[in-house]
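*Asks:* predicted model and sequence follow; I will ask about them next.
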Amino acid sequence: MIDKRVLSPAEAVADISDGASIMIGGFGEAGSPIELIHALIDQGASDLTVISNNTGSGEVGLAALLQARRVTKVICSFPKTLNSTVFPELYREGFTELELVPQGTLAERIRAGGAGVPAFYTPTAVGTPLAEGKEKRAFGGREFVMEYGLSAHYTLIKGLTADTHGNVLYNKTARNFAPIMAMAGEVTIVQAANVLEPGAIDPETVVTPGIFVDRVVEVRNPAHESELIAAGVSYP
């Protein structure tokens, strides 16, 4: 088996190129891979498409990546949340494009992309502006909208514990989108507070199998978005 450890977040994201699409885990701050995002800011890749639940808060993590003007398109469900001020300004300016997707549809698009399903039909968004221009079909007398599966060049996620083979466990709701995003990324990168040797994790408890993970980096004391915001931190 391959040892998938890398030495630092910087090494983990070093090959992400301009124009890449990136899935970023997290539901608000829960499960947000802040250290990987900050390493990506330092790395300098631009013209990125980010697929995430929201657009970050304050001026750290995902919001800091946006503030650095590295993201030209966001595919998400909640572009405006508490303490979210960066994205609205970039959107109004016309710098960052938004593709708004209902949350359940976003999850299924990611799951479908990871499973190799090119498209599916859903009743969500029927009769709303989000359905405009999309293929529609009726099943059982009910109208459905066709949505495409989503995949990405890279996925950045945060785990609680991983092993060197890339098997991952999460901390409660910090799990959120991470398991399906891990499946939908061509290269999946995981930061975990603890990286253990093979065999140290009970295989019956593994949430994301190592087959879906390409790189693992240990971040022993990961930052928490709310604490950084409360302290007035702005990255970089």
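*Replies:* That came through, no problem.

*Asks:* can we go C-alpha only for contacts and neighbour counts from here?
*Replies:* OK.

*Asks:* how about Val6: what's its closest non-neighbour residue?
*Replies:* Val217 (5.3 Å; Cα to Cα, 6 or more residues apart in numbering).

*Asks:* list the contacts for the one you found?
*Replies:* Arg5, Val6, Leu7, Ser8, Pro9, Ala12, Ile189, Val190, Gln191, Ala192, Val195 (Cα atoms under 8 Å, 6 or more residues apart in numbering).

*Asks:* how about Ala107?
*Replies:* Phe177, Ile180.

*Asks:* for it, give me the pLDDT.
*Replies:* Confidence at Ala107, expressed as pLDDT, is 98.

*Asks:* the helix or strand containing Val74 packs against which elements?
*Replies:* Element membership of Val74, judged by DSSP states H and E, is strand 71-76. Where contact means 3 or more Cα pairs under 8 Å, 6 or more residues apart in numbering; DSSP states H and E, strand 71-76 is packed against strand 48-51, strand 97-100.

*Asks:* tell me how far the spatially closest residue to Thr55 that is not a sequence neighbour lies from Asn54.
*Replies:* If the residues on either side of it in the chain are set aside, Thr55 comes closest to Pro79, at 5.3 Å by Cα to Cα, 6+ apart. Distance of Pro79 to Asn54, given as Cα to Cα, to the nearest Å: 5 Å.

*Asks:* now Pro222
*Replies:* 20 Å.

*Asks:* could you check the pLDDT of the residue lying farthest from the centre of the chain?
*Replies:* Each residue of the chain has a distance to the centre, and by Cα atoms, centre = their mean the biggest one is for Gly141: 35.7 Å. Per-residue confidence (pLDDT) for Gly141: 96.

*Asks:* just to revisit the earlier point, deepest of the helices and strands packed on strand 71-76, which one?
*Replies:* Each of these was assessed for mean neighbour count using mean count of other Cα atoms under 10 Å. The highest is strand 48-51, with a mean of 24.

*Asks:* which helices and strands sit right next to that strand?
*Replies:* strand 21-24, strand 71-76.

*Asks:* in whichever helix in the chain runs longest, what's buried?
*Replies:* Of all the segments of type helix in the chain, defined by DSSP state H, the longest one is helix 103-115. Neighbour-count burial for helix 103-115, counted by 16 or more other Cα atoms under 10 Å, picks out Gln103, Thr105, Leu106, Ala107, Glu108, Arg109, Ile110, Arg111, Ala112, Gly113, Gly114.

*Asks:* so which of these comes closest to Pro129?
*Replies:* The closest of the buried residues of helix 103-115 to Pro129 turns out to be Thr105 (Cα to Cα; 14.8 Å).

*Asks:* where does the nearest residue to the closest one once chain neighbours are set aside land in three-state SS?
*Replies:* The shortest distance from Thr105 to any non-neighbouring residue, by Cα to Cα, 6+ apart, is to Thr124 (7.3 Å). In three-state terms, and counting by DSSP: H, G, I helix; E, B strand; the rest coil, Thr124 is coil.

*Asks:* let me know how buried Thr124 is, in neighbour terms.
*Replies:* Neighbours of Thr124 under the rule other Cα atoms under 10 Å: 19.

*Asks:* let me see the contact set for the nearest residue to Gln103 once chain neighbours are set aside.
*Replies:* Distances taken as Cα to Cα, 6+ apart put Ser77 closest to Gln103, at 5.2 Å, once the chain neighbours are dropped. By Cα under 8 Å, 6+ apart, the residues touching Ser77 are Ser52, Asn53, Asn54, Leu100, Val101, Pro102, Gln103, Leu106.
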